[in-house]
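Asker: Sequence isn't available, so here's the structure alone:
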Ligand SMILES: Nc1ncnc2c1ncn2[C@@H]1O[C@H](COP(=O)(O)OP(=O)(O)OP(=O)(O)O)[C@@H](O)[C@H]1O
């Protein structure tokens, strides 16, 4: 038998043992689940919740073991033998007695004697698998990639890190070719896959970087920023589970289509406790997907909007211009502006948000008014004194006239109403914006009831900050529930430590059972619904697009300022985006002592776009003065870029290749319907998908915004000159569109191509 085949067989044997162990653990968990479900706990509340918690523990474990089945083990690190090293394996596959072998995989496995069989890719001993080079071997002698299909190892690929291994017999043992290239040339599926088996050294350093502070990862298209951000989230959740399990991790992406594209990556790495949200979903209760026109988005993105919202809220606390006469129980009571003014002053001094401070306002106003009324009654000769004040206050509280007067002075408001009023009432807006031009104000004008846009979301959140809970009674209840919950979690944690259970028991889950809240929600689900939730870590992808107002919102979700921010300034296509990281991060860092302490890392290798396409996109970008970060493409493509006169011909040309795979047609919003109609007429509507919901169709039709962060085997970019001309950031949008394909790019144009592409 050839040495290569022998090695393959050995690895197959080792991996078969790992699967046998995985199956045994799975079976064990299934049996435990059946057993725990059978326990009769009768009516005992505490025992029932303990039983449910254990059942959930086993259920989670079973799911986790199932998720890692595909490519369970993907690497082997050969290190010089060290008898004291317990993380090494001396399995049958060891072909050199001077070496020990560490197998690396999606999760850690030990045999029945607790000896390690497989290392989780996130543990420190596994990092050499990603980082070792011949120049810096980090104690490793060789690295082997195990390429599998189902549970079978179909190929092995070795990299020698220690020259001594190349001598004698060993020279023939190590062989193989590009696991990385195999991954990169694989056909795309419409969903992103994890890269855990081929993470590159520069990526690994970023993934394992410290949890604290703000880490910015800048890199050109296809350099793996999204992949790195997601693997970093998985790494942090594993390494800092204690800190992050209760607070959670938030991942912010540019659009719903992007979230659909990445959603399977973290579960495949065994992580589910993460909230994924597009920037339009960061305000619970609103799912904004519509974009404003660029000029409108630009004005709504400026921090001056925060000041405007603040002024708008204050202007809803109004001192009447004249004396009012209120009729209460047949008495006429005079309400002087001065009284309201003092009550407003006191309420504002409470420092609480508008709706909550209103309680103070009403209390003060009623107290003052009841004293005035008492004085008036006494003056009329009624025999009343201070002890009657509570009764008078109650009468005032119930009187219509008083309610109207107090509401006019200080009306409870929802964020939605405040923002809608601001857009729909030009006169009010004019009063609040004396220094704006009429043209600027006109940009905000909108009919009441119009759908909220993505750029409205941070304004709603800003308004919610100033307004507080609309229903103050509910708010108090919620606060009490939160307090109770904290106590439940503490009890649960105590219970867990008393039970001496290790592993996946989640104190919050246990607390749920204790409190019998009825909701089986996970931390992630609860976090997604709670506007005031603060996450332990926040990942922002395509971060170059965020406006200052969006940064303010993101900061509120992560006040600990533990951030991973990934993006590419050159790809900025939104009108409100900044043109460098320092400016972009200003709203995030201002006022913090960390202001200058953000770390910048760069990614320099393009894993997606073939070199011909990357260089065409770069020359277009340079011709439009975009600040691109040059990246080296890993591979070339066999297909030249084609320019065709219409979209139907381009799709026909692509389909004629008969390669299958994913195809995107990227077109500006105004032409989208027409393109969908002509493609449906030519090829039938069943093959055409639109936007986020259509990503898995044979041909996905998307706007440049929806295409952000995604990739396809082929991309057809309609009207490149039109994309450039559509806004001041049009070249950035075209740069994004052109860098989506992994293989083929088509341009659809009847007129001249934009600068840098023509000729
Ligand atoms: N180490 C790697 N091994 C295998 N594939 C990789 C690796 N790094 C990146 N890739 C692949 O390269 C492609 C581009 O990665 P990704 O989408 O993360 O790039 P990006 O920098 O976010 O791109 P863009 O800025 O254009 O959105 C993906 O298919 C990803 O799986």
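Answerer: Now that the structure is in, tell me what you want to look at. Since the model is a prediction, treat every value here as computed from it, not as a measurement.
Asker: Report the distance from whichever strand or helix holds residue 419 to the chain centre.
Answerer: Using DSSP states H and E, the element containing residue 419 is helix 415-424. When C-alpha coordinates are averaged (Cα atoms, centre = their mean, to the nearest Å), helix 415-424 and its chain have centres 27 Å apart.
Asker: Check stretch 732-741 too.
Answerer: Mean C-alpha position of stretch 732-741 versus that of the full chain (Cα atoms, centre = their mean) differs by 22 Å.
Asker: hmm, who's touching it?
Answerer: 220-222, 570-573, 608-610, 613-614, 616-617, 620-621, 626, 628, 664, 666, 704-705, 707-708, 710-715, 717, 720, 723-724, 726-727, 745, 754 (Cβ atoms under 8 Å, 6 or more residues apart in numbering). For the C-beta atoms, the positions are set from N, CA and C on the backbone; glycine is no exception.
Asker: Run through those and flag the ones next to the ligand.
Answerer: 221-222, 571, 608, 711 (Cβ under 6 Å from any ligand atom).
Asker: Which ones among the contacts of stretch 732-741 lie within helices?
Answerer: Judged by DSSP state H, the subset of those located in helices is 613-614, 616-617, 620-621, 704-705, 707, 720, 723-724.
Asker: for the stretch 51-200 of the chain, what spans make up the strands?
Answerer: For the stretch 51-200 of the chain, strands defined by DSSP state E, counting those that start in this stretch occupy the ranges 73-80, 99-105, 109-110, 116-120, 140-149, 152-160.
Asker: okay, the ones you listed in a markdown table with distance to the ligand and mean pLDDT next?
Answerer: Formatted as a markdown table, those follow (distance: least, Cβ to the nearest ligand atom, whole Å; pLDDT from 0 to 100):
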| stretch | distance to the ligand | mean pLDDT |
| --- | --- | --- |
| strand 73-80 | 11 | 90 |
| strand 99-105 | 14 | 91 |
| strand 109-110 | 24 | 94 |
| strand 116-120 | 18 | 94 |
| strand 140-149 | 11 | 88 |
| strand 152-160 | 13 | 86 |
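Asker: can you redo these as JSON lines with mean neighbour count?
Answerer: Listed next are the strands of the stretch 51-200 of the chain as JSON lines, based on neighbours: other Cβ atoms under 10 Å:
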{"stretch": "strand 73-80", "mean neighbour count": "24"}
{"stretch": "strand 99-105", "mean neighbour count": "23"}
{"stretch": "strand 109-110", "mean neighbour count": "17"}
{"stretch": "strand 116-120", "mean neighbour count": "21"}
{"stretch": "strand 140-149", "mean neighbour count": "21"}
{"stretch": "strand 152-160", "mean neighbour count": "17"}
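Asker: could those go into a markdown table alongside distance to residue 581?
Answerer: Shown next, in a markdown table, are those (distance: least, Cβ to Cβ, whole Å):
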| stretch | distance to residue 581 |
| --- | --- |
| strand 73-80 | 34 |
| strand 99-105 | 34 |
| strand 109-110 | 41 |
| strand 116-120 | 33 |
| strand 140-149 | 34 |
| strand 152-160 | 34 |
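Asker: right, so of those, which gets closest to residue 59?
Answerer: Judged by Cβ to Cβ, the one of those that comes nearest to residue 59 is strand 109-110, at 19.8 Å.
Asker: For the strand or helix carrying residue 347, list every residue counted as buried.
Answerer: Element membership of residue 347, judged by DSSP H and E, is helix 337-349. Using 16 or more other Cβ atoms under 10 Å as the test for burial, helix 337-349 gives 339-340, 343-344, 346-347.
Asker: which one of those is nearest residue 534?
Answerer: Closest to residue 534, out of all of the buried residues of helix 337-349 and judged by Cβ to Cβ, is residue 347, at 26.7 Å.
Asker: Contacts only, for the closest residue to that closest one other than its chain neighbours.
Answerer: Ranked by Cβ to Cβ, 6 or more residues apart in numbering and with sequence neighbours excluded, the top spatial neighbour of residue 347 is residue 361, at 3.6 Å. For residue 361, the contact set (Cβ under 8 Å, 6+ apart) comprises 317, 343-344, 346-347, 406, 409-410.
Asker: What of residue 756?
Answerer: 616, 619-624.
Asker: mind checking how far it is from the ligand?
Answerer: 18 Å (Cβ to the nearest ligand atom, to the nearest Å).
Asker: The residue nearest to that residue when sequence neighbours are not counted: neighbouring residues, count only.
Answerer: Excluding the flanking residues, the one nearest residue 756 by Cβ to Cβ, 6+ apart is residue 623, at 3.1 Å. The number of residues packed near residue 623 is 15, by other Cβ atoms under 10 Å.
Asker: can you list the residues of the protein near the ligand?
Answerer: Contact residues, the chain versus the ligand (Cβ under 6 Å from any ligand atom): 180, 183-184, 195, 198-200, 203, 219, 221-227, 568, 571, 607-608, 709, 711, 739.
Asker: one more time with 5 Å
Answerer: Counting by Cβ under 5 Å from any ligand atom, the residues of the chain lying close to the ligand are 183, 195, 198, 200, 221-227, 607-608, 709.
Asker: Of those residues, which count as buried by neighbour count?
Answerer: Buried members of the residues of the chain next to the ligand, scored by 16+ other Cβ under 10 Å, are 195, 198, 200, 221-227, 607-608, 709.
Asker: Any chance of these in CSV with pLDDT as columns?
Answerer: Formatted as CSV, those follow (pLDDT from 0 to 100):
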residue, pLDDT
195, 83
198, 85
200, 87
221, 92
222, 92
223, 93
224, 93
225, 94
226, 93
227, 93
607, 90
608, 91
709, 89
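Asker: These into TSV, with extra columns for distance to residue 461?
Answerer: Shown next, in TSV, are these (distance: Cβ to Cβ, whole Å):
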residue	distance to residue 461
195	34
198	39
200	37
221	30
222	32
223	31
224	31
225	26
226	25
227	29
607	35
608	34
709	23
